[in-house]
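In: Need the 3D shape of this:
(chains A and B)
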Amino acid sequence: MPNQPVKRGDIVLEARGITKRFPGVVANDHIDFEIRAGEIHAILGENGAGKTTLMKILFGLLQPDEGEVYVHGQQVTIHSPLDSIHLGIGMVHQNRKLIPAHSVIENIILGHPKAGSVPDMRRTRDEIAEICERYGFNIDLKAKVWQLSEGEKQAVEILKTLYRGARILILDEPTSALSPPETEKLLESIRMMTGDDLALVPFITHKLPIVLAISDRVTVLRRGNVTARLRTADATENSLAKEMVGREVIFRLEHVEVEKGKPILEVEDLSALNDKGQLALKGISFTVHEGEIFGIAGVSGNGQQVLAEVLAGLRKAEAGRVSMDGVDISRFDNLERWKKGMGYIPSDRNNVGSIGAYSLVENVLMNYYFDSAFSSWGIVDSQKTRKLTEELIAEYDIATPGPDTTARSLSGGNLQKLILARVLSRMPRLIIANLPTQGLDVGATEFVQNKLLEAKRQQAAILLISEDLEEVLSLSDRVAPIYEGEFMGNLPVKDVSIEDIGAMMAGLKQKVAQ
Amino acid sequence: MRLGGYEVKLDKKVRVTGLEATTISLLAILIGLALVGLIFLKAGVNPLTGYRAIFSYAFVNAFGLPLTINRSVFILLCTCAFIIPMKAGLWNIGMAGQLYAGALGAFGVALAFGAKGSQTPTQAPAVIIGLMMLAALVGGALIGAIPGFLKGRFNTNEIVVTMMLNSIAFWLIAYMIKEGGPFMGGGGEGEGFKLSQSIFPPTVLGGAFTIPLALGLAALLYFMFAKTTLGYQIKAFGLSPSAAKYAGISPHNVPLLVFILGGLIAGLAGYHYFSAVPGVYKIPLNYGDFGDLSFYGIICGLISQSNPLAAIPFALLFGGLTNGGRFVQGQLQLGYGIDYALLGVLMITLVAFQFFYRNTLVWKKIERES
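Out: Numbering: from 1, shown residues only, chains lettered A, B, ... in the order given. Modelled structure (predicted):
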């Protein structure tokens, strides 16, 4: 079927009355939509709105209870991802399914029928290079995947589906892990693909501006139902949010004014290496005070991750000094830092911030097992931990059947709430929050941001690392754009515009005379 | 999938209860026995006769039962030595080397205090027995520390390191007990010297005192992994090294610690069989067979899903079958290796049936469309 000539505007995929029930919940309730060649059709909805279910049905991972799917006008039954690949449907997952130790090419041809048992590497490389050029992907095909940035990994996933001949691309949260310039690049490639009459179906939970910027049409889901079906030209950020959440959402957080107290975190000339042994942090100095949110804005891979890990005691510094409350903690390990009142919210909540196979109680214990109030003679006080977990679940409104469920079963937003709850429950006086709202839906983002503001009101010093400029600007008191391991400036938020920050993130130093 | 008039589907199972696990394992054993029954038939032996002979020798016979228990305790200790690193996500394939090192330690102490053969020891027996056991634990722990240290510092593959150390320890023993080695026995049969009678360790109900010790140890390990901060940290490291690091659990120390603990227990296994089991009291000529036997610890650890208490019945089963199988092979004049065939098939069915720990079959009758 994919070799059938398709004209721009033809309906390539149509879903009618898709219904899927799970015990106790209707995940998809008679969903209709259609996708046309050369069109970007965004599916928008919060976590739990039924997007994932719908996507899995289209990709053959789930079978609908009712409803039909038509591809190029013919009714089809998609039993497995293999079927959907044959139908020309490709899926780019949010959680990368690549092999880090293999090269880009090896990942792209993995499982490809054309590759055969002895792949003709030169020919393959030429073919892939041609696709890259055509859609503006700038990638070293010989590089190993672990060396790539998130944006490049995403491009590899897209290349993989394109190389398999996909004409309909389902993109799961395509921009959630990407920095602004990477997003820009991706959008450019996506536009080039639609120019070639491919159909793209991004599924998006947040980042409404992206939806407005790229899509031609939007279908909004809420609790398994389609609540709106509109042309993007007729939509606004507010109207989309209202359809998604079912109520008005305030985008601009009110600035919380807190009397700035004494300095808590002082960093002097800090340098550190990244995993590849390159100097990723080049002599950074700054101070964070009580009741202050210090924002670090930057494109991912400019040293923020390294900085967060060095401050949390998870990575060795090459040079420099870190003090907390006037005490040099440069040589403290991470537990000593926790005990001194530091709280660290890591960016990778699945692999670093939580243990999927552990229960929620055991996950809460991650920041408490070393605390003498929660164990005696090396034996864990399981009742106390359990009670704390139940309290946190209630206070942070974490949606879960109970404290004994595994962390793996929580949605991204609820998992982040659990990590936040656990870290904040220690009443840290210094909070390092690394991408705390990345990948969260509108409601969960609002929740996390409010919790950080609440901590600020209680005189905590907060270091906020974020790629979301809006977030940095609305939450922080001071902001320091970071570029290639150096601060391009360090100034009060009220003195800067979003354009200034954008320029500094791109490597232009703050003008000295300001 | 359709089968007859039924739709058969696999569903993922979230948790397996103890009862389900027991049922699944028993079913696996029955099917394994039935399959090997075919071999018996082929060899012209009634399977029921064969099995009755195996089980009665292994679990009833006055000669066979003590042998079974001693072997099972040995396997149980090796299982514990395997489980501890396994909880940290690491594979200890070095129980053989660790138990050899334990034996070398124990007999080194005995030699140092003149507790050899008919000689009179130079120290009180209690002191020597205590020191022998301590030396066995230290010997196992020291050789175990090597892969643990290398793993923690340099991320060296622990499987390769433990395998190589097995070989080193094997030949070290050979050097010590054979042809003029310092541990050589009097008769020149190529086995180690026998301990002086005065330092035979105490027995409990006629059996080695290490039997209750091993059972207590399994219970202690179970408790450690269920309730203690140490067990929590080891498991956290095994499930996610990066999350464990975030929680302040040292990626250097955990591998070292689990291999020291594992080696220590394997050292105790060596002590158990060569120094505490009545009637042995020496490093025997066929010490290599015990290295082979230690590998049943891996299979017991895997089948019991790293649960030290659940490992006890499996250790008993394998201990009994290695013993009874070999006996029956001679008694019924079966071909060489039927005991290995039996154990091999059982291992395969037990491991294969683990599939049902995570999946469950759902049968649904297909309604005839009218």
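
In: Quick check: the residue of chain B nearest chain A.
Out: Here the residue of chain B nearest chain A is B:Gly248; by C-beta to the nearest C-beta that distance is 3.6 Å. For glycine as for every other residue, the C-beta is placed from the backbone atoms N, C-alpha and C.

In: count of neighbours near that residue?
Out: Residues contacting B:Gly248 under the criterion other C-beta atoms under 10 Å in any protein chain shown number 21.

In: Got phi/psi on it?
Out: phi 80, psi 20 (degrees, to the nearest 10).

In: nearest spatial neighbour of it, skipping sequence neighbours?
Out: A:Leu335 (3.6 Å; C-beta to C-beta, 6 or more residues apart in numbering or on different chains).

In: what's near enough to touch the residue of chain B closest to chain A?
Out: A:333-335, A:338, A:370 (C-beta atoms under 8 Å, 6 or more residues apart in numbering or on different chains).

In: Kindly report the same for A:Leu469.
Out: With contact set as C-beta under 8 Å, 6+ apart, A:Leu469 has these partners: A:180, A:297, A:498, A:501-502.

In: Repeat the analysis, applying 10 Å as the threshold.
Out: A:180, A:295, A:297, A:479, A:481, A:498-499, A:501-502, A:505 (C-beta atoms under 10 Å, 6 or more residues apart in numbering or on different chains).

In: can you check A:His93 too?
Out: A:55, A:59, A:154, A:157, A:170-173.

In: try 7 Å this time
Out: A:His93 is in contact with A:157, A:172, counting by C-beta atoms under 7 Å, 6 or more residues apart in numbering or on different chains.

In: do the one 10 residues further on as well
Out: If you count contacts by C-beta under 7 Å, 6+ apart, A:Ser103 has them with A:142-144.

In: at 6 Å instead, please
Out: Shown in contact with A:Ser103 (C-beta atoms under 6 Å, 6 or more residues apart in numbering or on different chains): A:142, A:144.

In: Quick check: pLDDT value at it.
Out: Per-residue pLDDT puts A:Ser103 at 89.

In: Tell me the backbone dihedrals of it, please.
Out: phi -80, psi 170.

In: if we can go back for a sec, hmm, which two among the contacts of A:Leu469 are most spread apart?
Out: Maximum pairwise distance among the contacts of A:Leu469 (C-beta to C-beta): 16.3 Å, between A:Gly295 and A:Glu499.

In: More neighbours: which of those two?
Out: Between A:Gly295 and A:Glu499, counting by other C-beta under 10 Å, A:Gly295 is the more crowded of the two (25 against 9).

In: Nearest residue to residue 291 in space, ignoring adjacent ones along the chain?
Out: You didn't say which chain, so I picked chain A. Counting by C-beta to C-beta, 6+ apart, the residue nearest A:Gly291 is A:Val258, at 3.7 Å.

In: ah, I was thinking of chain B
Out: Counting by C-beta to C-beta, 6+ apart, the residue nearest B:Gly291 is B:Ala96, at 3.5 Å.

In: same thing with B:Leu77?
Out: Once flanking residues are discounted, B:Leu77 sits nearest to B:Ala269: 3.7 Å by C-beta to C-beta, 6+ apart.

In: would the one you found count as being in a strand?
Out: No - membership of B:Ala269 in a strand is not supported by DSSP: H, G, I helix; E, B strand; the rest coil, which gives helix.

In: count of neighbours near it?
Out: For B:Ala269, using other C-beta under 10 Å, the count is 32.

In: which stretches of the stretch 251-370 of chain B form helices?
Out: B:253-271, B:287-294, B:296-303, B:311-331, B:338-353, B:355-358 (DSSP state H, counting those that start in this stretch).

In: quick revisit: identify the residues contacting the residue nearest to B:Leu77.
Out: Applying C-beta under 6 Å, 6+ apart, the residues near B:Ala269 are B:74, B:77-78, B:99.

In: ok, it to B:Lys194 distance?
Out: For B:Ala269, the distance to B:Lys194 equals 20 Å [C-beta to C-beta, to the nearest Å].

In: Now the residue nearest to B:Asn253 when sequence neighbours are not counted: phi and psi?
Out: Nearest non-adjacent residue to B:Asn253, counting by C-beta to C-beta, 6+ apart: B:Gly152, 6.6 Å away. Main-chain torsions, B:Gly152, degrees, to the nearest 10: phi -60, psi -40.

In: looking at it, B:Gly152 is touching B:Pro255, isn't it?
Out: Yes - here B:Gly152 reaches B:Pro255: they are 4.1 Å apart, a contact under C-beta atoms under 6 Å.

In: anything in the least confident helix or strand in chain B by mean pLDDT near chain A?
Out: None of the helices or strands of chain B scores lower by mean pLDDT, DSSP states H and E than strand B:2-3, at a mean of 70. No - contact between strand B:2-3 and chain A is absent, the nearest approach being 13.7 Å (criterion: C-beta under 6 Å from any C-beta of the partner chain).

In: State the next helix or strand along the chain beyond that strand.
Out: Counting by DSSP states H and E, the next helix or strand C-terminal to strand B:2-3 is strand B:6-12.

In: what's next to that following strand, contact-wise?
Out: Residues contacting strand B:6-12 (C-beta under 6 Å, 6+ apart): B:1, B:359-360, B:362-366.

In: if we go to 7 Å?
Out: Strand B:6-12 has contacts (C-beta under 7 Å, 6+ apart) with B:1, B:358-366.

In: Distance to chain A added to those, as a markdown table?
Out: Listed next are these as a markdown table, based on distance: C-beta to the nearest C-beta, whole Å:
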| residue | distance to chain A |
| --- | --- |
| B:Met1 | 12 |
| B:Arg358 | 13 |
| B:Asn359 | 17 |
| B:Thr360 | 16 |
| B:Leu361 | 19 |
| B:Val362 | 14 |
| B:Trp363 | 18 |
| B:Lys364 | 14 |
| B:Lys365 | 19 |
| B:Ile366 | 16 |
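
In: Just the ones of those in strands?
Out: B:359-365 (DSSP state E).

In: by contact count, what packs against the host helix or strand of B:Leu165?
Out: Assessed by DSSP H and E, B:Leu165 sits inside helix B:158-177. Helix B:158-177 sits against helix B:95-112, helix B:125-154, helix B:287-294, with contacts defined as 3 or more C-beta pairs under 7 Å, 6 or more residues apart in numbering or on different chains; DSSP states H and E.

In: Quick check: which of the helices of the stretch 251-370 of chain B is nearest to A:Asn414?
Out: Across the helices of the stretch 251-370 of chain B, closest to A:Asn414 is helix B:355-358 (C-beta to C-beta), at 24.4 Å.

In: roughly how far out does the strand or helix carrying A:Glu470 sit from the chain middle?
Out: Per DSSP H and E: A:Glu470 is located in helix A:469-475. Computed by C-alpha atoms, centre = their mean, to the nearest Å, the chain-centroid distance of helix A:469-475 equals 16 Å.

In: Go through it and flag the buried ones.
Out: Within helix A:469-475, the residues that qualify as buried are A:469, A:471-475, counting by 16 or more other C-beta atoms under 10 Å in any protein chain shown.

In: tell me the angle of the helix or strand hosting B:Leu48 relative to helix B:338-353?
Out: Secondary structure assigned from DSSP H and E places B:Leu48 in helix B:47-59. Here helix B:47-59 runs at an angle of 90 degrees relative to helix B:338-353 (axes from the mean of the first three to the mean of the last three C-alpha atoms, to 10 degrees).

In: helix/strand/coil for the closest residue to A:His30 other than its chain neighbours?
Out: Ranked by C-beta to C-beta, 6+ apart and with sequence neighbours excluded, the top spatial neighbour of A:His30 is A:Gly17, at 4.8 Å. Under the three-state scheme (three-state DSSP), A:Gly17 adopts strand.

In: now, which of the contacts of A:Leu469 sits nearest chain B?
Out: Taking these together and measuring to chain B by C-beta to the nearest C-beta, the closest member is A:Gly295, at 22.6 Å.

In: doesn't the closest one fall inside a strand?
Out: Yes - assessed by three-state DSSP, A:Gly295 belongs to a strand.
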